[in-house]
Each structure stands twice: as C-alpha cells, then as structure tokens.
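**Student:** Have a look; sequence and predicted model below, questions after that.
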Amino acid sequence: MNKKKRAEKLQKEAQKRKTADARADAWLERGLKQSRGLQSAGLPMEKSWLTCGDDTVCEICNGNAEAGWIPLDEPFPSGHMRPLAHDGCRCDLLIQMAMPDTDPEYYPVDDPKSKPQKRKSGLLSRLLGKR
C-alpha cells in the first residue's frame, strides 16, 4: 500500500472514531439531561464510572471507578463530570436513583428468611407529600 492510500485509510479510521465518540457523547448527555430533570423533580440521582475492567484501563479511569456511586452533580476524582476522560477512552457512565434509606436496620441481611421491613418514609410518600 502506498503512502497516500495508507494516509487516506488512517484518516477515514480517525473520522469513524470521531463520529463514534460524538455519538457516545450525545448519548451520555441525553441520559444526564434526563437524570438532571428527575433530580430537579425531587428524585435523588447518583452516578458511577464504569471501565472495561481489563489491563489497558488507565489510572485516571480506574481511580474514577474506585470512587463508586457519587451524587450526580459532583465531579469524579479526576475532575471529570463523566466519561470520556481521554482519546480512546472506552468507559461508560452508570446512573441510578439514589436510595438513601436502604439501611441494614430496615433490610436485615443476616437472616436469609427475613422479609424486608417497611421503610420509615418511602420515596413515593415523600414525593406525594404524604409523610
């Protein structure tokens, strides 16, 4: 393959990567926008950094993943608000509703036969104002 064809091929591959990164970026932003909307409606949301889990994951991404679940509006240890942390980053973002009152006191795990107890104040009750 001559140099010109090789350069064209590399340029096309780079453009494909940019397009894929842009799509992933748009997807993440859409999810974050929906989560922020839920949070502004009173639902506590949290996020977690997800890596591929292989040997090529960088220190930045591993550090962010080790942070676990953090509030939606807080930055990860690296200062990023969400993946992608660098070119070639393969990480993703997990978002879920935070469950602050899932406490072992109300959900005993020692006895496998025990049924979950009722929470002191359910999320739906709080949202509907029926405390």
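**Tutor:** Right, received. Where do you want to start?
**Student:** Tell me which stretches of the chain form strands.
**Tutor:** Along the chain, the stretches classed as strands by DSSP state E are 45-50, 70-71, 92-97.
**Student:** list the helices and strands the shortest one packs on?
**Tutor:** Under the contact definition 3 or more C-beta pairs under 8 Å, 6 or more residues apart in numbering; DSSP states H and E, strand 70-71 sits against strand 45-50. No exception for glycine: its C-beta is placed from N, CA and C like everyone else's.
**Student:** Buried residues, the strand it packs on. List them.
**Tutor:** Using 16 or more other C-beta atoms under 10 Å as the test for burial, strand 45-50 gives M45, E46, K47, S48, W49.
**Student:** what do you get for stretch 56-73?
**Tutor:** Quick answer for stretch 56-73 (16+ other C-beta under 10 Å): I60, C61, N64, A65, I70, L72.
**Student:** What ranges does the chain have for its helices?
**Tutor:** 3-40, 59-66, 123-128 (DSSP state H).
**Student:** Quickly, which of those bottoms out on average pLDDT?
**Tutor:** Per-segment mean pLDDT for the helices of the chain reaches its minimum on helix 123-128, at a mean of 53.
**Student:** which of the helices of the chain is buried the deepest?
**Tutor:** helix 59-66 (a mean of 16; mean count of other C-beta atoms under 10 Å).
**Student:** contacting residues around it?
**Tutor:** 48-51, 57, 76-78, 80, 83, 85-86, 89, 91 (C-beta atoms under 8 Å, 6 or more residues apart in numbering).
**Student:** can we see that at 6 Å?
**Tutor:** W49, T51, F76, P77, S78, A85, C91 (C-beta atoms under 6 Å, 6 or more residues apart in numbering).
**Student:** are any of those buried, and which?
**Tutor:** Buried, going by 16+ other C-beta under 10 Å: W49, T51, F76, S78, A85, C91, out of the contacts of helix 59-66.
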